[in-house]
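Engineer: Just the structure for this:
(2 chains)
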Amino acid sequence: MAKAPKTAIKPTRVEDYPEWYQQVIKASDLAENSPVRGCMVIKPWGYGLWENMQHALDAKFKETGHVNAYFPLFIPKSFLEKEAEHVEGFAKECAVVTHHRLEADENGKLVPAGELEEPLIVRPTSETIIGAMFSKWVQSYRDLPLLINQWANVVRWEMRTRLFLRTAEFLWQEGHTAHATEEEAWEETRKMLDVYADFAENYMAMPVIKGEKTALERFPGAVSTLCIEAMMQDRKALQAGTSHFLGRNFAKASEIKFLNDQGTEEYAWTTSWGVSTRLIGALIMSHSDDNGLMVPPRLAPTHVAILPVIHGDERKSEVMEYCEKVVRELRDTTYNGSSLQVTLDTREARGGDKAWSWVKKGLPIWAEIGPRDIAKDAVFAARRDKERWGKWSSPRAEFVASVPRILDEIQQGMFERARDFRAQHTVEINSKDDFYDFFTAKSRKKPEIHGGFALSHWSGDPAVEEQIRNDLSVSIRCIPFDQPDEEGTCVISGKPSKKRVVFAKAY
RNA sequence: CGGAGUGUAGCGCAGUCUGGUAGCGCACUACGUUCGGGACGUAGGUGUCGGAGGUUCAAAUCCUCUCACUCCGACCA
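Structural biologist: All right, here's what the predicted structure looks like:
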């Protein structure tokens, strides 16, 4: 009898997917829950990922003509009230500041004092406060377009939170732009969605479907919400980024007006677009396995770790010198436009423990170097993406030279694996029975991983969305751009339809 | 906000029914033997038993009230 394979993460994905997710985060040391309800502490390995995401995205924003600015954390309540749908969408999840001072009571407890005349809302998103500023900055068509991005934290008081996927406070970027014409604003909306899709696929190695949200799933106050949707390893969908065409709704609410070249006053057309630390959750659930995280090399805070193998003191300095030399050579190597990030792991732990800690963190490559290797002028290397780490002995110079190629291979392999997984679990469904079958777990008590993306016809009727949400917890993730027009009938209602849309359970 | 559950050492838990000096595993510290894929031995440190009241000679344990967190729903990036 073969023994069950030993995994670093318990339970495995198949055994208990939500618990596996939590355990991966713990084992890879990305983040942990904080003393503050629903808020997380992002630890160095997790924050390193976020920093690399920021760098890549920020460069793309700048390439597309945007500049960064910063707006206040607090929004006067009256600002949020300006756009009716927007208020309704966010009112239930706002943190509200009502006082500006603490005073000690007779028991020495601090109690709020100094009530504010107008409560301040901790921003759940910044359309309104940025709109207020835009209205001052825009006078003429010559002031447009206004292309601003901000990196910030926002707060949404969610009832139920999960690390990275939904936290009360999260980090994100929000782009806000104003344009003279509807066409130009639409172009911006689509362009930024492309930027997100490119980032998701080429940096996160996560294939995404670009599309438009249905009215039901639209951003509160938007005319149209575009999104990228990814499939996680439990086959559920995760919205990884959104780009909103806001029409003139917010311009009217915030009085963003300009004189056009005819001398006529017009409202501007605005957009907003954002991605958040939720992307780290997407990364985890796209790539990690039962031994922990797997980080795409282009976002890895560290690419290579060197693990010195030292027995006793007599050859320690020799081994360390050799390791330092390899580290220097690696650091002089260019990968993806900058130098390789390399760690010399000098922790006083056993070799196996150290290697496993890197496995769990998802480090792309590590190499053990001991007296035996030094005798051959070689290293004993391992890579995260292969079965039992695909260990191989490689002459030192050859190893150093091969690292960028191997990283590219890992990056590419991760993308292909995720893409194949999605393809395997995406099906065209044409009957209501098949549809209900597809989205129903065989085991009701402890639902197994099931379902996926269903490409099915939908006539545009919101009642269908309502019905499948209630019956199956399934929603329309998007009306995909790349799906060809085709005559058909709605899989649920039987009404005529012109296009298949993506149905899935979602995070 | 509805339903369920859990709060005991840094982490994971037992002990609670049946009240009687606070336990186990991992981790941690020291020493030794080990070490090329998650070592072992010996010795050691670690607690307001979530909080506040109450019952009792005696409370982690029984009673009342609270607070927090987790999970499942509803809602949502």
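Engineer: CA only for contacts and neighbour counts going forward, please
Structural biologist: Fine.
Engineer: mind listing the helices for the stretch 151-300 of chain A?
Structural biologist: Assigned by DSSP state H, counting those that start in this stretch, the stretch 151-300 of chain A shows helices spanning A:182-202, A:249-254, A:278-287.
Engineer: Can you say which of these is nearest to residue A:39?
Structural biologist: Nearest to residue A:39 among these is helix A:278-287 (13.1 Å), distances taken as CA to CA.
Engineer: how about that closest one, does it reach RNA strand B?
Structural biologist: Yes - Helix A:278-287 lies within reach of RNA strand B by CA under 7 Å from any atom of the strand, at residue A:278.
Engineer: Quick check: residue A:203 touching residue A:299?
Structural biologist: Yes - using CA atoms under 8 Å, residue A:203 makes contact with residue A:299 at a distance of 6.5 Å.
Engineer: what about the strands in the stretch 201-350 of chain A?
Structural biologist: Assigned by DSSP state E, counting those that start in this stretch, the strands in the stretch 201-350 of chain A fall at A:209-212, A:224-231, A:237-245, A:257-259, A:265-267, A:269-276, A:304-308, A:334-335, A:338-339, A:342-344.
Engineer: Give me the contact list for the fourth one.
Structural biologist: The list of residues contacting strand A:257-259 from outside it, by CA atoms under 8 Å, 6 or more residues apart in numbering, reads A:135, A:138-141, A:251, A:265-268.
Engineer: got it, and the last one?
Structural biologist: Applying CA under 8 Å, 6+ apart, the set of residues contacting strand A:342-344 from outside is A:302-308, A:323-324, A:327, A:330-331.
Engineer: Tell me the first helix or strand C-terminal of it.
Structural biologist: The helix or strand immediately downstream of strand A:342-344 is helix A:351-361, counting by DSSP states H and E.
Engineer: if we can go back for a sec, which among the contacts of strand A:342-344 end up buried?
Structural biologist: Buried members of these, counted by 16 or more other CA atoms under 10 Å: A:302-308, A:323, A:327, A:330-331.
Engineer: Among those, name the ones that also lie close to RNA strand B.
Structural biologist: With the criterion set as CA under 7 Å from any atom of the strand, no member of the buried ones among the contacts of strand A:342-344 is near RNA strand B.
Engineer: Residue A:450 against residue A:437, yeah?
Structural biologist: No - Residue A:450 lies out of contact with residue A:437 (CA under 8 Å); the separation is 10.0 Å.
Engineer: which residues touch residue A:218?
Structural biologist: So residue A:218 contacts A:224-225 (CA under 8 Å, 6+ apart).
Engineer: Residue A:245 contacts residue A:271, correct?
Structural biologist: Yes - with contact defined as CA under 8 Å, residue A:245 reaches residue A:271; the gap is 4.8 Å.
Engineer: Partner strands of the top strand by length along chain A, with direction?
Structural biologist: Using DSSP state E to define each element, chain A has its longest strand at strand A:110-122. Each strand paired with strand A:110-122, and its direction, by DSSP bridges: strand A:74-76 (antiparallel), strand A:95-104 (antiparallel).
Engineer: Of those strands, which is nearest residue A:198?
Structural biologist: Among the strands paired with strand A:110-122, strand A:74-76 comes nearest to residue A:198, with 32.5 Å by CA to CA.
Engineer: which secondary structure elements does the following helix or strand past that closest one contact?
Structural biologist: Note on strand A:74-76: by DSSP H and E, the next helix or strand toward the C-terminus is helix A:77-80. Applying 3 or more CA pairs under 8 Å, 6 or more residues apart in numbering; DSSP states H and E, one finds that helix A:77-80 contacts strand A:110-122, helix A:127-137.
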